[in-house]
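S.K.: Here is a sequence together with a model predicted from it:
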Amino acid sequence: MLKRADVDPFVVVARSRVTVRPLIDPDGRVTRFADRLCTLVRKLEGKPRASVEEALRRQERRVRDTSRLGGLSGTLLMACRFEPPANLHALPAQRAQVFLARGAMWPPVPGDTLQPYDIAGDATGAPSLYDSFYADRQAAWPLREAPRWTGAQLLAQYHLELGRAVLRDAERVEIRVRGGWRALFASVKLARLMYTVQRVGRGYRLTLTGPAAAYVARASRYGVRFSRIVPAVSRATAWQLRATMVRDGSLCTFVLRGRARAAHARVGPEPTRVRYDSAWERRFARDFRAARNGLTAGWTLGRERTPLVAEGRVALPDFTLRHTDGREAYVELVGFWTPEYLREKVEMVTRIGDLPLVLVVAKSLAVGDGATALGEAAGDRLLWCTKQPRLPDVMRVVERVAR
C-alpha cells in the first residue's frame, strides 16, 4: 500500500466528501516518465531489491514534482516479484559457523578476512558464504519478474492504488459489483474480513468493516488485509465502492467506481494446489482427511467458492460436505467477530430455514462482549468452540442439518 506522503497531495476534502484527484497528464510527459520506469525495472531483473529501489529513486530525483510522482515507483515495486534465495532456511546456521570460526581465530590479523568464511564453507558445504552472508534480508532478494506494463497501464494502476490507500481511514465500506463476484468473494474470505452480503438484482452488495472502525484492535494489520480486496473489485465488469471514513476528525464519504481494468498484469504462476483462507481452515481439512473410526464415512469435503442464495440472502461458506446418499451440508468457520456481526449471521441462518449451513464460532476471536446468548437463537446450527473446532463436534451438527 502507498504511504500517506504519496497519497495526501491528491486528496481533497470538501463538504463531507473525499475526492482523489487523478494525476493530470495533458502533454503526455508523465506517461513517458512512467514508460521509462517500467523499462528500467524490466532491465533490472536478477538484481537485488535494494538496487532496484535505488535505481527508481535516482529517476525520481530527476523530476521536479517528486512528492506527486514518488508513488509511481511504489506502485511498480508492489507489482514486482522478488524471491528469497533457495537456501533461506540454512543461512542462520551458516552465519553461526562463520561467527564460531571468527571467534576461534581471534584476534584478527591483516589478510585473514575471508578465512572464517572459507572455514565455515568447508564445514557446511556451502561455497561463497561471503557473498550470501545476509542474502535472507528482503533488500537482498533478487527481482525475478517485473510487470510488463506500459506507462499508461502503470498510471492507471497508480490511480487505483491512490484510492486503495485512502481506504485505510474507512470505518465502513459498501461494495456493489456486477460480474467477477467469484474472485471478490474469494478475496474477502482470504483476507478474513468482517462482512455482510446481499443479493441486489443481478449483482451483490457487500458491506465490510473498515480498518478505522472503533472495535478493530489492530487497525494497521487489518488495513493491510482490507486493501487486498480492491484489485479483485476492479476486475469486476462494473463496480462501485462507497466508504464512510474519518478525515480530520469528521465523517466523510468516499466513492470509487469503474469498470474492468485491462491495466492489470498478473505476475507469477497461478497456484496449482488448494489454498485455505486461514490456519483454521487448513487444520479442519487436515483433521477431516485424517479422521478414523467412521467419523467421516461416506462424506467428502470440498472448498466452496460459490455463494448460496436463499430468500434474498447470501451466505459464503468455507466448505461443502457431500454424502454418498446425496445429502449436503455447508460449514462456515467464522473468524474475528463482533456481537453485531454475529447477530446478523445468526439472523440469516434462522431465516433461511432450509439451508443446511453450520456456523462454527470461536469464543476467543470475539471483538466485544455479550454475544454468547445468540447461540440459542440459531438452534442446532451454531457451534461454539474455544480455540479450534473439533471435527467430531462439527460432524455431529452436520449429520443433524444435512439435507
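M.R.: That came in fine, so what should we check first?

S.K.: Alpha carbons only: can I get stretch 246-253 in PDB?
M.R.: Provided in PDB are the C-alpha atoms of stretch 246-253 (Å, rounded to 0.1, in the frame of the first residue of the first chain):
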ATOM      1  CA  VAL A 246     -12.900   9.800   9.300                       C
ATOM      2  CA  ARG A 247     -10.800  12.600   8.000                       C
ATOM      3  CA  ASP A 248      -9.600  15.400  10.300                       C
ATOM      4  CA  GLY A 249     -12.000  14.300  13.000                       C
ATOM      5  CA  SER A 250     -15.200  14.400  10.900                       C
ATOM      6  CA  LEU A 251     -17.200  11.800   9.000                       C
ATOM      7  CA  CYS A 252     -16.800  11.900   5.200                       C
ATOM      8  CA  THR A 253     -17.900   9.800   2.200                       C
END
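
S.K.: give me every residue that touches L365.
M.R.: Taking Cβ atoms under 8 Å, 6 or more residues apart in numbering as the contact definition, L365 lies against V334, G335, F336, W337. C-betas here are computed from N, CA, C, even on glycine.

S.K.: Most neighbours out of the residues you listed, which is it?
M.R.: W337 (22 neighbours; other Cβ atoms under 10 Å).

S.K.: hang on, isn't it packed against M194?
M.R.: Yes - contact criterion Cβ atoms under 8 Å: W337 and M194 qualify, at 6.7 Å.

S.K.: Next secondary structure element downstream of the lowest-mean-pLDDT helix or strand in the chain?
M.R.: Within the chain, no helix or strand scores below helix 374-377, which has a mean of 49 by mean pLDDT, DSSP states H and E. On the C-terminal side of helix 374-377, the closest following helix or strand by DSSP states H and E is strand 382-385.

S.K.: what about that next one, distance to the chain center?
M.R.: How far strand 382-385 lies from its chain's middle: 27 Å, per Cα atoms, centre = their mean, to the nearest Å.

S.K.: Likewise for stretch 100-117?
M.R.: Stretch 100-117 sits 45 Å away from the centroid of its parent chain (Cα atoms, centre = their mean).

S.K.: Just the residues contacting it, thanks.
M.R.: Here stretch 100-117 makes contact (Cβ under 8 Å, 6+ apart) with V98, F99, I119, A120, A123, L129, Y130, F133.

S.K.: buried stuff in that stretch?
M.R.: A101, R102, P116, Y117 (16 or more other Cβ atoms under 10 Å).

S.K.: Pull the most distant pair out of these.
M.R.: Using Cβ to Cβ, the buried residues of stretch 100-117 reach their maximum pairwise distance at R102 and Y117, which is 9.1 Å.

S.K.: Dump the contacts of stretch 100-117 to TSV, plus distance to W280 and secondary structure.
M.R.: Conversion of these to TSV gives the following (distance: Cβ to Cβ, whole Å; DSSP: H, G, I helix; E, B strand; the rest coil):
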residue	distance to W280	secondary structure
V98	40	helix
F99	40	helix
I119	46	helix
A120	41	helix
A123	42	helix
L129	40	coil
Y130	44	coil
F133	38	coil
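
S.K.: which residues of this protein fall in helices?
M.R.: Counting by DSSP state H, one finds helices in the chain at the ranges 4-7, 29-43, 49-61, 66-79, 91-104, 115-124, 151-166, 181-190, 219-227, 229-234, 279-289, 339-351, 374-377, 391-401.

S.K.: among those helices, which is nearest R21?
M.R.: Nearest of these (Cβ to Cβ): helix 151-166, 8.9 Å.

S.K.: Quick one: distance of that closest one to the chain centre.
M.R.: With Cα atoms, centre = their mean, you get 18 Å for helix 151-166.

S.K.: which stretches of the stretch 51-200 of the chain have low pLDDT?
M.R.: Applying pLDDT under 70 to the stretch 51-200 of the chain flags residues 64-67, 128, 180, 182.

S.K.: residues touching the closest residue to A135 other than its chain neighbours, list them.
M.R.: Distances taken as Cβ to Cβ, 6 or more residues apart in numbering put P85 closest to A135, at 4.8 Å, once the chain neighbours are dropped. Taking Cβ under 8 Å, 6+ apart as the contact definition, P85 lies against L91, S132, A135, D136, W141.

S.K.: Just the buried ones among those, please.
M.R.: L91, S132, A135, D136, W141.

S.K.: you'd agree the third one is up against Q94?
M.R.: Spelled out, that is A135. No - judged on Cβ under 8 Å, A135 makes no contact with Q94 at a distance of 9.8 Å.

S.K.: What residue spans form the domains of the protein?
M.R.: What the record gives for the chain is the domain set 4-82+146-259, 88-135, 279-401, from automatic domain parsing.

S.K.: looking only at pLDDT, what's the mean for stretch 207-225?
M.R.: Stretch 207-225 shows a mean pLDDT of 80.
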